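> Here is a sequence together with a model predicted from it:
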Amino acid sequence: MKKIRVVVAGPRGKMGSEALRMISKQDDLELVACLDHKYEGEYIRDFDSLPNINARIYTDIQKCLSEVNADVLVDLTTPEYGYIHTKTAIENGVRPVVGTTGFTDEQLAELTDLAEDKGIGVIIAPNFALGAVLMMQFAKWAAKYFPDVEIIEKHHDNKLDAPSGTAVKTAQLIQEVREQKQQGHPNEKETIQGARGANFDGMRIHSMRLPGLVAHQEVVFGSTGENLTIKHDSFHRESFMTGVKLAIDNVMKLNVLVYGLENILE
Ligand SMILES: NC(=O)C1=CN([C@@H]2O[C@H](COP(=O)(O)OP(=O)(O)OC[C@H]3O[C@@H](n4cnc5c(N)ncnc54)[C@H](O)[C@@H]3O)[C@@H](O)[C@H]2O)C=CC1
Ligand SMILES: O=C(O)C1=N[C@H](C(=O)O)C[C@H](O)C1
């Protein structure tokens, strides 16, 4: 069996280290290298907290991709470097699977065009947890009938981007079906700036950051005399790994960029 040769960017992070553990258990995946911003030339096996894998760490993506003959780059880093890594991977014919959130609309559009030009598969998934993907789909369905909606996302306090990628993707999916509407009282005024949350096409997104949280979201719909709440919780980062594996397998069959795991679920 030919194994898929994978590079992981961000191997010491919360998600990256979980991805290494997942990859180490798969017969059809091989971790061939990692990208970090330090520890050039060291090996994953030398870190006590990481699985015993004989993969070298590179700090220069160009050098890494020219030496290791990778099929897929899994990026779990930061918005700034995730974008650079994704672009460089596409330019080098390596298929990116990107969990990193916080890309701008312009960056997503540019990467979409680049993938199309090169005819290369890319998956950018703001959330790899299957339950979260279903939560977003259920919210899209509900929004056809309930145009009054607010999104509350709750994350650990080491998160760099707000709102979360999942909240933005949820709002985008809702926007596709929701009748355009400015919610709340037409004359409402914030006496403290930000009190009503971020405004996405008239919908409000509220971001909580607290120690102890992992990744949680509620989509709350309001109507006369009733509320509907669609809720998802990730209590452990293992919850994202089924989706990461699915994305690695599927990106090998694609020749365009897809944004959201729902596009590859049967
Ligand atoms: N799509 C999904 O299902 C999920 C996405 N995420 C996203 O994944 C990203 C990472 O999240 P966490 O693991 O929680 O963060 P983290 O802070 O634990 O890990 C990020 C890692 O990236 C590394 N890094 C920073 N600059 C780098 C560079 N230039 N090259 C290589 N590595 C670099 C850091 O050293 C760190 O180890 C975030 O954008 C987060 O929003 C997180 C959870 C699930
Ligand atoms: O940073 C995180 O932790 C997460 N980020 C993703 C997001 O921004 O939606 C996915 C998940 O919510 C965890």
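Happy to help now that I have it. Since this is a predicted model, take the numbers as computed values, not measurements. Residues are numbered from 1 along each chain as shown. Ligands and ions are numbered 1, 2, ... in the order given.
> OK, contacts around F235?
Applying C-beta atoms under 8 Å, 6 or more residues apart in numbering, we find F235 in contact with V214. For the C-beta atoms, the positions are set from N, CA and C on the backbone; glycine is no exception.
> give me phi/psi at it?
F235 has phi and psi values of phi -100, psi -20 when expressed as degrees, to the nearest 10.
> For the helix or strand hosting E116, buried residues please.
Using DSSP states H and E, E116 sits in helix 105-118. Buried residues in helix 105-118, counted by 16 or more other C-beta atoms under 10 Å: Q107, L111, T112, L114, A115.
> Stretch 211-227 too?
Burial within stretch 211-227, assessed by neighbour count using 16+ other C-beta under 10 Å, is assigned to L213, A215, H216, Q217, E218, V219, V220, F221.
> Show me what residue of this structure gets nearest to ligand 1.
G13 (2.1 Å; C-beta to the nearest ligand atom).
> That residue and L76 touch, don't they?
Yes - shown here, G13 and L76 form a contact pair, counting by C-beta atoms under 8 Å, at 5.8 Å.
> the more surrounded of those two?
L76 (25 against 18; other C-beta atoms under 10 Å).
> what's that one in contact with, if anything?
L76 touches V8, A9, G10, G13, M15, G16, A19, G99, T100, counting by C-beta under 8 Å, 6+ apart.
> How many residues are close by the third one?
Put plainly, it is G10. Residues lying near G10 (other C-beta under 10 Å) number 24.
> Is it in contact with K38, as I believe?
No - in this structure G10 lies outside contact range of K38 using C-beta under 8 Å: 11.9 Å.
> Just give the nearest non-adjacent residue to the residue most central in space within the chain, would you?
Nearest to the geometric centre of the chain sits P126, at 2.7 Å (C-alpha atoms, centre = their mean). Leaving aside its sequence neighbours, P126 sits nearest to G165 (C-beta to C-beta, 6 or more residues apart in numbering; 3.2 Å).
> isn't that neighbour right next to A132, touching?
No - assessed by C-beta under 8 Å, G165 is found out of contact with A132, at 10.3 Å.
> Between the two, point out the one with more neighbours.
Taking neighbours as other C-beta under 10 Å, G165 and A132 compare with A132 leading, 25 against 21.
> any idea which helix or strand carries the more buried one?
Applying DSSP H and E, one finds A132 within helix 130-143.
> ok, now L73?
With DSSP H and E as the criterion, the answer for L73 is strand 72-75.
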